[in-house]
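>>> predicted structure and sequence below. I'll ask about it afterward.
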Amino acid sequence: MSSCFPIEKFAQKETPFYYYDVELLRKTLATAKEEAAKYEGFHVHYAIKANFNPRLLQIVNEAGMGADCVSGGEVDSALKAGIPADKVVFAGVGKTDKEIALALDAGIFCFNIESVPEVEAINALAAERGVVASVAIRINPNIGAHTHANITTGLAENKFGVNYEQLDEVIDTIESLPHIKLIGLHFHIGSQILVMDDFIALCGRVNELQTMLREKRGLVLPHINVGGGLGIRYDAPDKYPIPDFALYFATYAQNLNLQPGQQVHFELGRSLVAQCGSLISRVTYIKRGTCKQFMIIDAGMNDLVRPALYDAYHRIENLSSSKEDELYDVVGPICESSDVFCKDRKIPSTQRGDILAIRSAGAYGEAMAFGYNCRRLPSSLFSDEI
(Lines give C-alpha, C1' and ligand atoms only; values in the text may rest on other atoms or scores of the structure.)
Protein backbone atom coordinates (compact mmCIF):
# COMPACT_ATOMS: atom_id res chain seq x y z
CA MET A 1 0.00 0.00 0.00
CA SER A 2 1.38 3.43 -0.98
CA SER A 3 1.49 6.27 1.52
CA CYS A 4 2.38 9.08 -0.89
CA PHE A 5 -1.14 9.54 -2.22
CA PRO A 6 -4.20 10.93 -0.35
CA ILE A 7 -6.22 7.76 -0.86
CA GLU A 8 -9.01 8.91 1.48
CA LYS A 9 -9.57 11.91 -0.81
CA PHE A 10 -9.32 9.75 -3.91
CA ALA A 11 -12.04 7.46 -2.56
CA GLN A 12 -14.46 10.39 -2.70
CA LYS A 13 -13.69 11.23 -6.33
CA GLU A 14 -15.14 9.86 -9.51
CA THR A 15 -12.49 7.96 -11.42
CA PRO A 16 -10.56 7.96 -13.66
CA PHE A 17 -8.73 11.26 -13.22
CA TYR A 18 -5.21 12.64 -13.42
CA TYR A 19 -3.51 13.62 -10.18
CA TYR A 20 -0.59 16.05 -10.20
CA ASP A 21 1.93 16.49 -7.38
CA VAL A 22 2.46 20.27 -7.47
CA GLU A 23 5.42 20.21 -5.08
CA LEU A 24 7.29 17.71 -7.25
CA LEU A 25 6.42 19.66 -10.40
CA ARG A 26 7.81 22.88 -8.95
CA LYS A 27 10.96 21.12 -7.69
CA THR A 28 11.52 19.58 -11.12
CA LEU A 29 11.11 22.89 -12.94
CA ALA A 30 13.38 24.67 -10.45
CA THR A 31 16.08 21.99 -10.79
CA ALA A 32 16.05 22.20 -14.58
CA LYS A 33 16.26 25.99 -14.46
CA GLU A 34 19.09 25.96 -11.92
CA GLU A 35 21.16 23.44 -13.87
CA ALA A 36 20.66 25.27 -17.18
CA ALA A 37 21.60 28.57 -15.53
CA LYS A 38 25.07 27.22 -14.78
CA TYR A 39 25.90 27.81 -18.43
CA GLU A 40 25.75 31.20 -20.07
CA GLY A 41 23.21 31.41 -22.87
CA PHE A 42 21.22 28.23 -22.08
CA HIS A 43 17.44 28.69 -22.35
CA VAL A 44 14.68 26.17 -21.53
CA HIS A 45 11.37 26.05 -23.38
CA TYR A 46 8.67 23.71 -22.12
CA ALA A 47 7.34 21.39 -24.86
CA ILE A 48 3.61 21.94 -24.50
CA LYS A 49 2.71 18.79 -26.40
CA ALA A 50 3.68 16.79 -23.30
CA ASN A 51 0.83 18.28 -21.26
CA PHE A 52 -1.21 21.42 -21.92
CA ASN A 53 -3.37 21.39 -18.77
CA PRO A 54 -3.98 25.14 -18.14
CA ARG A 55 -3.04 24.95 -14.45
CA LEU A 56 0.16 23.13 -15.26
CA LEU A 57 1.05 25.74 -17.89
CA GLN A 58 0.53 28.48 -15.30
CA ILE A 59 3.04 26.75 -13.01
CA VAL A 60 5.50 26.44 -15.92
CA ASN A 61 5.11 30.16 -16.57
CA GLU A 62 5.66 30.95 -12.87
CA ALA A 63 8.96 29.05 -13.17
CA GLY A 64 10.03 31.49 -15.88
CA MET A 65 10.28 29.02 -18.75
CA GLY A 66 9.48 29.62 -22.39
CA ALA A 67 7.32 27.40 -24.58
CA ASP A 68 7.92 25.03 -27.47
CA CYS A 69 4.75 24.73 -29.55
CA VAL A 70 3.78 22.48 -32.45
CA SER A 71 0.34 23.89 -33.28
CA GLY A 72 -1.53 27.15 -33.27
CA GLY A 73 -3.57 25.83 -30.37
CA GLU A 74 -0.40 25.34 -28.35
CA VAL A 75 0.78 28.86 -29.18
CA ASP A 76 -2.58 30.18 -28.00
CA SER A 77 -2.41 28.06 -24.82
CA ALA A 78 1.09 29.34 -24.04
CA LEU A 79 0.03 32.96 -24.43
CA LYS A 80 -3.12 32.47 -22.34
CA ALA A 81 -0.97 30.96 -19.57
CA GLY A 82 1.06 34.16 -19.53
CA ILE A 83 4.20 32.86 -21.23
CA PRO A 84 5.74 35.85 -23.06
CA ALA A 85 5.56 35.69 -26.84
CA ASP A 86 9.30 36.39 -27.07
CA LYS A 87 9.92 33.07 -25.31
CA VAL A 88 7.73 31.04 -27.71
CA VAL A 89 9.15 28.89 -30.50
CA PHE A 90 6.84 27.27 -33.07
CA ALA A 91 7.82 23.98 -34.71
CA GLY A 92 5.98 21.41 -36.81
CA VAL A 93 5.96 20.17 -40.40
CA GLY A 94 2.40 21.24 -41.22
CA LYS A 95 1.78 24.77 -39.95
CA THR A 96 -1.37 26.15 -41.57
CA ASP A 97 -1.78 29.74 -42.72
CA LYS A 98 -4.13 30.38 -39.80
CA GLU A 99 -1.59 29.07 -37.31
CA ILE A 100 1.25 31.05 -38.87
CA ALA A 101 -0.86 34.21 -38.82
CA LEU A 102 -1.67 33.70 -35.13
CA ALA A 103 2.03 33.37 -34.29
CA LEU A 104 3.01 36.38 -36.41
CA ASP A 105 0.34 38.56 -34.84
CA ALA A 106 1.52 37.51 -31.38
CA GLY A 107 5.13 38.35 -32.22
CA ILE A 108 6.67 35.01 -31.22
CA PHE A 109 10.43 34.59 -30.91
CA CYS A 110 11.02 32.09 -33.72
CA PHE A 111 9.53 29.66 -36.22
CA ASN A 112 11.39 26.37 -36.61
CA ILE A 113 10.89 25.80 -40.34
CA GLU A 114 11.07 22.46 -42.13
CA SER A 115 10.75 23.08 -45.88
CA VAL A 116 10.98 25.64 -48.69
CA PRO A 117 7.17 25.80 -49.18
CA GLU A 118 6.73 26.52 -45.47
CA VAL A 119 9.20 29.40 -45.36
CA GLU A 120 7.62 30.86 -48.51
CA ALA A 121 4.21 30.74 -46.83
CA ILE A 122 5.56 32.47 -43.70
CA ASN A 123 7.17 35.16 -45.88
CA ALA A 124 3.90 35.87 -47.71
CA LEU A 125 1.91 36.15 -44.48
CA ALA A 126 4.61 38.29 -42.87
CA ALA A 127 4.59 40.59 -45.91
CA GLU A 128 0.83 41.12 -45.51
CA ARG A 129 1.52 42.35 -41.98
CA GLY A 130 4.61 44.36 -42.76
CA VAL A 131 6.77 42.36 -40.36
CA VAL A 132 9.89 40.20 -40.55
CA ALA A 133 9.63 36.66 -39.17
CA SER A 134 12.62 35.11 -37.41
CA VAL A 135 13.22 31.48 -38.36
CA ALA A 136 15.51 28.60 -37.50
CA ILE A 137 16.03 25.76 -39.94
CA ARG A 138 15.18 22.38 -38.47
CA ILE A 139 17.94 20.02 -39.57
CA ASN A 140 17.44 16.29 -39.87
CA PRO A 141 20.80 15.03 -38.55
CA ASN A 142 20.12 11.36 -39.48
CA ILE A 143 20.86 10.13 -35.96
CA GLY A 144 19.13 7.03 -34.60
CA ALA A 145 18.30 7.55 -30.92
CA HIS A 146 18.07 4.70 -28.41
CA THR A 147 14.29 4.86 -28.02
CA HIS A 148 11.04 3.48 -29.45
CA ALA A 149 10.83 3.63 -33.26
CA ASN A 150 7.61 5.66 -33.12
CA ILE A 151 9.27 8.50 -31.19
CA THR A 152 12.48 8.88 -33.17
CA THR A 153 12.50 12.08 -35.21
CA GLY A 154 16.08 12.53 -36.40
CA LEU A 155 16.44 9.87 -39.11
CA ALA A 156 16.44 10.65 -42.82
CA GLU A 157 13.37 8.42 -43.19
CA ASN A 158 11.38 10.57 -40.72
CA LYS A 159 9.10 13.35 -41.97
CA PHE A 160 10.82 15.98 -39.85
CA GLY A 161 13.36 18.59 -40.83
CA VAL A 162 15.60 19.48 -43.76
CA ASN A 163 18.17 16.95 -44.97
CA TYR A 164 21.78 18.06 -45.47
CA GLU A 165 21.56 17.91 -49.27
CA GLN A 166 18.59 20.32 -49.20
CA LEU A 167 20.20 22.85 -46.88
CA ASP A 168 21.76 25.14 -49.50
CA GLU A 169 18.44 25.43 -51.33
CA VAL A 170 16.63 26.33 -48.11
CA ILE A 171 19.24 28.95 -47.10
CA ASP A 172 19.28 30.44 -50.62
CA THR A 173 15.48 30.72 -50.52
CA ILE A 174 15.52 32.36 -47.08
CA GLU A 175 18.14 34.88 -48.17
CA SER A 176 15.95 35.85 -51.13
CA LEU A 177 12.85 36.51 -49.00
CA PRO A 178 12.57 40.05 -47.59
CA HIS A 179 10.27 39.18 -44.71
CA ILE A 180 12.34 36.29 -43.31
CA LYS A 181 15.35 36.53 -41.02
CA LEU A 182 17.45 33.40 -40.43
CA ILE A 183 18.60 33.36 -36.79
CA GLY A 184 19.37 29.75 -35.99
CA LEU A 185 19.46 26.01 -36.48
CA HIS A 186 17.05 23.58 -34.82
CA PHE A 187 17.50 19.87 -34.09
CA HIS A 188 15.46 17.18 -32.33
CA ILE A 189 16.40 13.50 -32.52
CA GLY A 190 13.60 11.86 -30.52
CA SER A 191 12.05 11.32 -27.13
CA GLN A 192 12.57 9.26 -23.96
CA ILE A 193 16.36 9.18 -24.41
CA LEU A 194 18.42 8.08 -21.41
CA VAL A 195 21.72 7.39 -23.16
CA MET A 196 23.87 10.55 -23.19
CA ASP A 197 25.82 9.13 -26.15
CA ASP A 198 22.85 10.06 -28.36
CA PHE A 199 23.12 13.70 -27.32
CA ILE A 200 26.90 13.60 -27.73
CA ALA A 201 26.38 12.33 -31.29
CA LEU A 202 23.98 15.21 -31.91
CA CYS A 203 26.57 17.69 -30.65
CA GLY A 204 29.03 16.23 -33.13
CA ARG A 205 26.60 16.81 -36.00
CA VAL A 206 25.89 20.36 -34.82
CA ASN A 207 29.62 21.08 -34.68
CA GLU A 208 30.19 19.66 -38.16
CA LEU A 209 27.34 21.65 -39.61
CA GLN A 210 28.42 24.88 -37.97
CA THR A 211 31.94 24.44 -39.34
CA MET A 212 30.59 23.73 -42.82
CA LEU A 213 28.29 26.78 -42.82
CA ARG A 214 31.06 29.04 -41.53
CA GLU A 215 33.65 27.84 -44.04
CA LYS A 216 31.34 27.47 -47.04
CA ARG A 217 28.99 30.40 -46.59
CA GLY A 218 30.57 32.59 -43.92
CA LEU A 219 27.45 31.99 -41.86
CA VAL A 220 27.44 32.01 -38.05
CA LEU A 221 23.96 32.03 -36.55
CA PRO A 222 23.20 33.38 -33.07
CA HIS A 223 20.87 30.59 -31.92
CA ILE A 224 21.26 26.81 -31.73
CA ASN A 225 18.17 24.84 -30.67
CA VAL A 226 18.96 21.22 -29.75
CA GLY A 227 15.37 20.17 -29.02
CA GLY A 228 14.60 17.99 -26.04
CA GLY A 229 14.34 14.24 -25.68
CA LEU A 230 15.61 13.64 -22.14
CA GLY A 231 13.81 10.61 -20.70
CA ILE A 232 12.63 9.55 -17.26
CA ARG A 233 12.78 6.34 -15.22
CA TYR A 234 9.32 4.85 -15.66
CA ASP A 235 10.37 1.80 -13.66
CA ALA A 236 11.30 3.71 -10.49
CA PRO A 237 9.37 6.99 -10.15
CA ASP A 238 9.99 7.30 -6.40
CA LYS A 239 13.70 6.53 -6.61
CA TYR A 240 14.20 8.90 -9.56
CA PRO A 241 11.51 11.57 -9.25
CA ILE A 242 13.66 14.22 -10.98
CA PRO A 243 15.79 13.42 -14.04
CA ASP A 244 19.52 14.07 -14.09
CA PHE A 245 19.40 17.58 -15.52
CA ALA A 246 22.94 18.26 -14.31
CA LEU A 247 24.35 15.52 -16.56
CA TYR A 248 22.06 16.49 -19.45
CA PHE A 249 23.07 20.16 -19.62
CA ALA A 250 26.71 19.35 -18.86
CA THR A 251 26.74 16.96 -21.83
CA TYR A 252 25.88 19.81 -24.17
CA ALA A 253 28.17 22.30 -22.44
CA GLN A 254 31.11 19.94 -22.81
CA ASN A 255 30.44 18.76 -26.37
CA LEU A 256 29.03 21.74 -28.28
CA ASN A 257 31.63 23.96 -29.94
CA LEU A 258 29.80 27.25 -29.63
CA GLN A 259 30.77 30.55 -31.20
CA PRO A 260 31.11 33.63 -28.97
CA GLY A 261 27.69 34.83 -27.85
CA GLN A 262 25.75 31.91 -29.30
CA GLN A 263 22.59 31.01 -27.38
CA VAL A 264 21.46 27.41 -26.87
CA HIS A 265 17.78 26.51 -26.61
CA PHE A 266 16.31 23.32 -25.14
CA GLU A 267 12.76 22.01 -25.59
CA LEU A 268 12.08 19.76 -22.62
CA GLY A 269 8.68 18.17 -22.08
CA ARG A 270 8.46 14.68 -20.62
CA SER A 271 11.38 15.19 -18.26
CA LEU A 272 9.68 18.19 -16.66
CA VAL A 273 6.15 16.85 -16.11
CA ALA A 274 5.99 13.05 -16.41
CA GLN A 275 6.86 12.06 -12.85
CA CYS A 276 4.48 14.52 -11.19
CA GLY A 277 1.39 12.96 -12.77
CA SER A 278 -0.51 9.72 -12.12
CA LEU A 279 -3.69 8.33 -13.62
CA ILE A 280 -6.00 7.29 -10.78
CA SER A 281 -8.47 4.48 -11.51
CA ARG A 282 -10.79 2.06 -9.73
CA VAL A 283 -10.93 -1.68 -10.16
CA THR A 284 -14.24 -2.63 -11.73
CA TYR A 285 -13.90 -6.42 -11.83
CA ILE A 286 -11.43 -9.24 -11.27
CA LYS A 287 -12.01 -11.76 -14.04
CA ARG A 288 -10.37 -15.16 -13.82
CA GLY A 289 -9.92 -16.89 -17.14
CA THR A 290 -8.51 -20.31 -17.92
CA CYS A 291 -4.92 -19.09 -18.19
CA LYS A 292 -5.08 -15.42 -17.19
CA GLN A 293 -6.31 -13.26 -14.35
CA PHE A 294 -7.63 -9.93 -15.60
CA MET A 295 -7.84 -6.80 -13.51
CA ILE A 296 -10.47 -4.73 -15.31
CA ILE A 297 -10.27 -1.05 -14.36
CA ASP A 298 -12.37 1.99 -15.22
CA ALA A 299 -9.53 3.76 -17.04
CA GLY A 300 -8.93 2.80 -20.64
CA MET A 301 -6.61 3.39 -23.54
CA ASN A 302 -8.62 6.54 -24.27
CA ASP A 303 -7.37 7.97 -20.95
CA LEU A 304 -3.74 6.83 -21.33
CA VAL A 305 -2.87 5.59 -24.79
CA ARG A 306 0.90 5.13 -24.40
CA PRO A 307 0.81 1.40 -23.52
CA ALA A 308 -1.42 0.65 -26.52
CA LEU A 309 0.45 2.97 -28.88
CA TYR A 310 4.07 2.34 -27.86
CA ASP A 311 3.84 -0.80 -25.70
CA ALA A 312 5.01 1.61 -22.99
CA TYR A 313 5.70 0.59 -19.41
CA HIS A 314 4.04 2.39 -16.48
CA ARG A 315 4.40 1.29 -12.89
CA ILE A 316 0.97 0.37 -11.49
CA GLU A 317 0.33 0.56 -7.73
CA ASN A 318 -2.67 -0.69 -5.81
CA LEU A 319 -3.19 2.09 -3.26
CA SER A 320 -5.78 0.02 -1.36
CA SER A 321 -3.92 -3.23 -0.82
CA SER A 322 -0.80 -4.46 0.97
CA LYS A 323 -1.55 -8.16 0.42
CA GLU A 324 0.68 -10.72 -1.27
CA ASP A 325 1.35 -10.21 -4.97
CA GLU A 326 -0.64 -11.96 -7.67
CA LEU A 327 -0.21 -11.98 -11.43
CA TYR A 328 -2.60 -9.80 -13.42
CA ASP A 329 -3.21 -8.48 -16.87
CA VAL A 330 -4.45 -4.96 -16.19
CA VAL A 331 -6.97 -3.99 -18.86
CA GLY A 332 -9.51 -1.27 -19.52
CA PRO A 333 -13.15 -1.27 -20.67
CA ILE A 334 -12.56 -0.18 -24.28
CA CYS A 335 -13.78 -2.54 -27.00
CA GLU A 336 -10.30 -3.10 -28.43
CA SER A 337 -7.87 -5.93 -27.70
CA SER A 338 -5.10 -3.34 -27.46
CA ASP A 339 -6.75 -1.76 -24.40
CA VAL A 340 -4.13 -3.29 -22.10
CA PHE A 341 -1.96 -1.47 -19.57
CA CYS A 342 0.27 -4.44 -18.74
CA LYS A 343 0.43 -8.23 -18.90
CA ASP A 344 1.55 -10.72 -16.25
CA ARG A 345 2.38 -7.97 -13.76
CA LYS A 346 2.86 -8.74 -10.05
CA ILE A 347 0.49 -6.50 -8.08
CA PRO A 348 -0.80 -6.92 -4.50
CA SER A 349 -3.95 -9.07 -4.37
CA THR A 350 -6.75 -6.87 -5.64
CA GLN A 351 -10.51 -6.74 -5.33
CA ARG A 352 -13.37 -4.79 -6.85
CA GLY A 353 -13.31 -1.14 -5.77
CA ASP A 354 -9.57 -0.92 -5.05
CA ILE A 355 -7.90 2.29 -6.19
CA LEU A 356 -4.90 2.17 -8.51
CA ALA A 357 -2.27 4.74 -9.43
CA ILE A 358 -0.73 4.40 -12.88
CA ARG A 359 2.51 6.28 -12.34
CA SER A 360 4.67 8.59 -14.47
CA ALA A 361 1.67 9.66 -16.54
CA GLY A 362 2.15 13.42 -16.42
CA ALA A 363 3.50 13.50 -19.98
CA TYR A 364 1.52 12.31 -23.02
CA GLY A 365 -1.30 11.10 -20.76
CA GLU A 366 -3.96 13.75 -20.37
CA ALA A 367 -2.65 15.49 -23.50
CA MET A 368 -3.36 12.44 -25.68
CA ALA A 369 -6.69 11.45 -24.13
CA PHE A 370 -9.60 11.02 -26.52
CA GLY A 371 -13.30 10.22 -26.47
CA TYR A 372 -13.51 6.78 -28.07
CA ASN A 373 -16.56 4.71 -27.06
CA CYS A 374 -18.24 8.06 -26.12
CA ARG A 375 -16.19 8.16 -22.93
CA ARG A 376 -15.69 11.47 -21.19
CA LEU A 377 -12.22 12.93 -21.03
CA PRO A 378 -10.52 12.38 -17.67
CA SER A 379 -10.60 15.26 -15.20
CA SER A 380 -7.56 16.53 -13.33
CA LEU A 381 -6.76 17.17 -9.68
CA PHE A 382 -3.77 19.03 -8.25
CA SER A 383 -2.26 18.16 -4.88
CA ASP A 384 -2.67 21.70 -3.55
CA GLU A 385 -6.39 21.64 -4.27
CA ILE A 386 -7.31 18.91 -1.78
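Arrived safely, thanks for sending. Just so you know, these numbers come straight off a predicted model, no measurement behind them.

>>> and residue 381, what is it in contact with?
Going by CB atoms under 8 Å, 6 or more residues apart in numbering, residue 381 touches 13, 17-20, 280. Any C-beta I mention is one placed from the backbone N, CA and C, and that applies to glycine too.

>>> okay, the residue lying closest to residue 259 once chain neighbours are set aside and residue 337: tell me how far apart.
Nearest residue to residue 259 in three dimensions, chain neighbours excluded: residue 220, at 5.2 Å (CB to CB, 6 or more residues apart in numbering). Distance of residue 220 to residue 337, computed by CB to CB, to the nearest Å: 54 Å.

>>> also residue 121?
On the measure of CB to CB, residue 121 and residue 337 end up 42 Å apart.

>>> and the two? which has more neighbours close in?
Taking neighbours as other CB atoms under 10 Å, residue 121 and residue 337 compare with residue 121 leading, 16 against 8.

>>> ok, now which ones touch that one?
Residues near residue 121 by CB under 8 Å, 6+ apart: 95, 97, 100.

>>> need the residues you listed in CSV with neighbour count and pLDDT, can you?
Output for the contacts of residue 121, formatted as CSV (neighbours: other CB atoms under 10 Å; pLDDT from 0 to 100):
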residue, neighbour count, pLDDT
95, 25, 98
97, 12, 98
100, 21, 98
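
>>> would TSV of the contacts of residue 381 with secondary structure, neighbour count and pLDDT be doable?
Converted to TSV, the contacts of residue 381 look like this (DSSP: H, G, I helix; E, B strand; the rest coil; neighbours: other CB atoms under 10 Å; pLDDT from 0 to 100):
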residue	secondary structure	neighbour count	pLDDT
13	coil	16	96
17	strand	18	98
18	strand	25	98
19	strand	23	98
20	strand	25	98
280	strand	23	98
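
>>> and these, which is closest to residue 206?
Nearest to residue 206 out of the contacts of residue 381 is residue 20 (CB to CB; 34.4 Å).

>>> surely that closest one meets residue 277?
Yes. Residue 20 is in contact with residue 277 according to CB atoms under 8 Å; the separation is 5.1 Å.

>>> what do these two both touch?
Both residue 20 and residue 277 are in contact with residue 362, where contact means CB under 8 Å, 6+ apart.

>>> just the helices in the chain please.
With DSSP state H as the criterion, the chain has helices at 7-10, 22-36, 54-62, 72-80, 97-106, 116-129, 167-176, 196-217, 245-255, 270-273, 306-310.

>>> what angle do the third one and helix 22-36 make?
Inter-element angle recorded for helix 54-62 and helix 22-36: 30 degrees (by axes from the mean of the first three to the mean of the last three CA atoms, to 10 degrees).

>>> for helix 54-62, packing partners?
Here helix 54-62 touches helix 22-36, helix 72-80, going by 3 or more CB pairs under 8 Å, 6 or more residues apart in numbering; DSSP states H and E.

>>> local confidence estimate at residue 71?
Here the pLDDT value assigned to residue 71 is 98.

>>> could you pull up the residues touching it?
Counting by CB under 8 Å, 6+ apart, residue 71 has contacts 92, 99.

>>> next: residue 106.
Residues in contact with residue 106 (CB under 8 Å, 6+ apart) are 75, 79, 85, 88.

>>> the same query, at a cut-off of 6 Å, please.
Going by CB atoms under 6 Å, 6 or more residues apart in numbering, residue 106 touches 79, 85.

>>> cool, the one 4 residues further on as well?
If you count contacts by CB under 6 Å, 6+ apart, residue 110 has them with 89, 134, 136.

>>> again, 7 Å this time
By CB atoms under 7 Å, 6 or more residues apart in numbering, the residues touching residue 110 are 89, 134-136, 183-184.

>>> with residue 330 instead?
Each residue near residue 330 by CB under 7 Å, 6+ apart is listed here: 295, 297, 316, 341-342, 345.

>>> how much space separates it from residue 317?
In terms of CB to CB, residue 330 sits 11 Å off from residue 317.

>>> for stretch 292-306, buried residues please.
Within stretch 292-306, the residues that count as buried by 16 or more other CB atoms under 10 Å are 294-306.

>>> I misspoke; the intended subject was stretch 319-332.
Neighbour counts over stretch 319-332 (16+ other CB under 10 Å) mark 319-321, 328-332 as buried.

>>> do the same with stretch 227-246
Buried residues in stretch 227-246, counted by 16+ other CB under 10 Å: 227-234, 237, 241-245.

>>> now it: mean pLDDT?
Rounded mean pLDDT across stretch 227-246 is 97.

>>> quick one: end-to-end length of that stretch, please.
One end of stretch 227-246 sits 17 Å from the other (CA to CA, to the nearest Å).

>>> distance from it to the middle of the chain?
For stretch 227-246, the separation from the chain centroid amounts to 13 Å (computed by CA atoms, centre = their mean, to the nearest Å).

>>> again with stretch 166-180
Per CA atoms, centre = their mean, the centroid offset for stretch 166-180 relative to its chain is 30 Å.

>>> can you check stretch 375-383 too?
19 Å.

>>> let the chain start at 612 from now.
Sure thing, new numbering starts at 612, so read that last one as stretch 986-994.

>>> rounded mean pLDDT for that stretch, please.
Mean predicted lDDT for stretch 986-994 stands at 98.

>>> tell me the buried residues in it?
By 16+ other CB under 10 Å, the buried positions in stretch 986-994 come out as 986, 989, 991-994.

>>> isn't residue 708 right up against residue 737?
No. Taking CB atoms under 7 Å as the definition, residue 708 is not a contact partner of residue 737, at 11.6 Å.

>>> any low-confidence regions in this structure?
Applying pLDDT under 70 to the chain flags the ranges 612-614, 754-771.

>>> still on that earlier bit, and of the contacts of residue 941, the nearest to residue 679?
Ranked by distance to residue 679 (CB to CB), these are led by residue 952 at 28.7 Å.

>>> ok, and the closest non-adjacent residue to the closest one?
Counting by CB to CB, 6+ apart, residue 941 is the residue found nearest to residue 952 once chain neighbours are left out, at 4.3 Å.
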